[in-house]
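1. coords below, sequence missing:
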């Protein structure tokens, strides 16, 4: 983030800043994600896979939302079992055991992550700001080949930012609706908030589907646009030279860094006359 | 560090591997990659609640999770971890349980279609000619062990409640139940102070499920003999069954024969097969 800010500052008239953006600094790996973010990311990912798989196995014990002898308005696949390869836990009891064990890991990693980004300031990279809608639209235009240049952005582009910001809220809905199904009597007030047992089950399912879709898009974009970020989520290291913005990368376009050529960040950081040539 | 010194260190480490560790390595192929420990490390690890083992279990559970997806129950380590989680969950569930927290069923005729359910091959029917008239035996850690006929049960203070029935499968259904509170039974027979668990046994094969006393004496836990204004038919647990909205359906024994107050839990038909013993809602 600091680097990209530095690049923008060069476009401004020379200021009193004593940290000029040099090429050296731009090509050095920096720690993009704090280790707490990296650890909670992978712990959550593992727990989430177990939770989804075992949850679908549990769902398969009664793969519909309507109570017996009734109909349900809002689910088109009533009675259709989830394919076995998507399920986890073997059978209902096994899946329940996994579900009720992994839920603590899921919640714990989520709480640690959210507390950390709140205390450490990373939330600033994620909160929506004025202009995000326009920026998201520009990103979309870029991905759809309507726009030539990758829009300029901070740590995340506007589309990323929005989904990373939304994910915790969906996570909270998943956890609360899950509690409402788990304890419909002890936490009956919570079940009532979700509209009763049947609807709590439905919201649990729907919010899971949304989070799974977001996660799938996330994985796809990591592989197709910014595979270099995998390293940044493991060791933390990230080279701005490889950023999608520097590579002008769309899904499956400009995956390799521009060896031998000046990167876009280079061009941006150079004086204006260099860009003319 | 010289090469010789490294060799010596490795040798020393190998010879000081404890038997317990060797077994652990054999038992867990995932942990083969673990490096041998020095003697001091071994003793440390043992004293610190087998921290290394715990970490190994945690690390391997993710990978074995993928294997278990193919329908197997997973390795023993995962099983241990799941049992541990279940015990911890029970602590939370017991903490959440309140005798003042009641189930409030929504919808008058909601999900009234109860399925018939029993574990025998045919509908279990009490054979009065062979076994004599049906009675409910209440025994165990009680001052006055008693037998109740259906008429005698009916003379006890009756509770009539319209409550949910939550099935472990994920559906719920509402019905109106008539019966006697288990807490009332406990009062009549004089349950002793060291009775912490209650076993509910049936004549449906060898079905039984044991409950914690707090759940069994919840105001909505009843020995039900009628449902929706009719005495229970044989297909639904006649002559009497346990019913409560605060436990999942599989904990509610049908075709009751005896209620035994105990100091220790003794599992149950479904609990012994892997379903949570507590099974509370």
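-> Thanks, I have the structure now. Just so it is clear, the structure is predicted and the values come from calculations on it, not from any experiment.
2. Residue A:120 is in contact with residue A:35, isn't it?
-> No. The criterion here is Cβ atoms under 8 Å, and residue A:120 misses it with residue A:35 at 11.3 Å. Where C-beta positions appear, they are placed from N, C-alpha and C, glycine not excepted.
3. Now do the SS call for residue B:81.
-> Put simply, residue B:81 is helix when judged by DSSP: H, G, I helix; E, B strand; the rest coil.
4. List phi and psi for residue B:198.
-> As for residue B:198, its main-chain torsions (degrees, to the nearest 10) stand at phi -130, psi 130.
5. cool, residue B:161 as well?
-> phi -140, psi 140.
6. what number of residues lie near residue B:243?
-> By other Cβ atoms under 10 Å in any protein chain shown, the residues close to residue B:243 number 25.
7. Quick check: chain neighbours aside, which residue is closest to it?
-> residue B:224 (4.3 Å; Cβ to Cβ, 6 or more residues apart in numbering or on different chains).
8. Adjacent strands (with direction) for the helix or strand harbouring the one you found?
-> For residue B:224, the enclosing helix or strand under DSSP states H and E is strand B:222-227. With DSSP bridges as the test, strand B:222-227 is paired with strand B:172-181 (antiparallel), strand B:230-231 (antiparallel), strand B:241-243 (antiparallel).
9. Show me what the residue nearest to residue B:178 when sequence neighbours are not counted is bridged to.
-> Nearest-residue entry for residue B:178: residue B:226, 3.8 Å, with adjacent residues in sequence omitted and distances by Cβ to Cβ, 6+ apart. Per DSSP bridges, residues listed as beta-bridge partners of residue B:226: residue B:178, residue B:231.
10. I'd say residue B:226 and residue B:177 touch.
-> Yes. Taking contacts as Cβ under 8 Å, residue B:226 lies within contact range of residue B:177: 7.2 Å.
11. more crowded one of those two?
-> More neighbours surround residue B:177 than the other of residue B:226 and residue B:177, with 23 against 17 (other Cβ under 10 Å).
12. Check the gap between that one and residue A:99 for me.
-> 29 Å (Cβ to Cβ, to the nearest Å).
13. With residue B:243 instead?
-> Distance, residue B:243 to residue A:99, by Cβ to Cβ: 26 Å.
14. Give me the neighbour count for residue B:163.
-> Applying other Cβ under 10 Å, we find 21 residues neighbouring residue B:163.
15. what sits against it?
-> By Cβ atoms under 8 Å, 6 or more residues apart in numbering or on different chains, the contact list for residue B:163 reads B:103, B:105, B:174, B:175, B:177, B:220, B:243, B:244, B:245.
16. Going by residue numbers, what spans are strands in the chain?
-> Went with chain A since none was named. Along chain A, counting by DSSP state E, strands occupy A:29-31, A:237-239.
17. oops, I was thinking of chain B
-> B:136-140, B:146-148, B:159-166, B:172-181, B:197-202, B:208-212, B:222-227, B:230-231, B:241-243, B:256-262.
18. Quick check, pLDDT for residue A:261.
-> With respect to pLDDT, residue A:261 has a value of 56.
19. Tell me how many other residues surround residue B:167.
-> Neighbourhood size, residue B:167 [other Cβ under 10 Å]: 19.
20. dump the residue contacts of the residue nearest the centre of chain A.
-> Nearest to the centroid of the C-alpha atoms of chain A, with distances taken as Cα atoms, centre = their mean, sits residue A:164, at 4.3 Å. Contact analysis of residue A:164 by Cβ under 8 Å, 6+ apart lists A:126, A:156.
21. Isn't residue B:180 up against residue B:157?
-> Yes. Using Cβ under 8 Å, residue B:180 is in contact with residue B:157, at 7.1 Å.
22. neighbour count winner among these two?
-> Ranked by neighbour count (other Cβ under 10 Å), residue B:180 and residue B:157 place residue B:180 first, with 23 against 9.
23. Give me the distance between the more buried one and chain A.
-> 20 Å (Cβ to the nearest Cβ, to the nearest Å).
24. residues near residue B:121, how many?
-> 7.
25. what does residue A:142 give?
-> So residue A:142, with other Cβ under 10 Å, has 20 neighbours.
26. just checking, it touches residue A:149?
-> Yes. Residue A:142 lies in contact with residue A:149 (Cβ under 8 Å); the separation is 7.3 Å.
27. Need the nearest residue in space to residue 208, chain neighbours excluded.
-> Looking at chain A here, since you left the chain open. residue A:174 (5.9 Å).
28. look at chain B instead
-> Going by Cβ to Cβ, 6+ apart, residue B:208 has residue B:201 as its nearest residue, at 4.2 Å.
29. Now do the contacts for that neighbour.
-> Residue B:201 touches B:207, B:208, B:253, B:256, B:257, B:258, B:259, B:260, counting by Cβ under 8 Å, 6+ apart.
30. and which of these is nearest chain A?
-> For the contacts of residue B:201, the residue nearest chain A by Cβ to the nearest Cβ is residue B:207; the value is 16.2 Å.
31. so how many other residues sit close to residue B:146?
-> When neighbours are defined as other Cβ under 10 Å, residue B:146 has 16 of them.
32. Angles on the backbone of the closest residue to residue A:141 other than its chain neighbours, please.
-> Computed as Cβ to Cβ, 6+ apart, the closest residue to residue A:141 that is not its neighbour in sequence is residue A:147, at 4.2 Å. Residue A:147 has phi and psi values of phi -120, psi 140 when expressed as degrees, to the nearest 10.
33. how close does residue A:147 get to chain B?
-> 41 Å.
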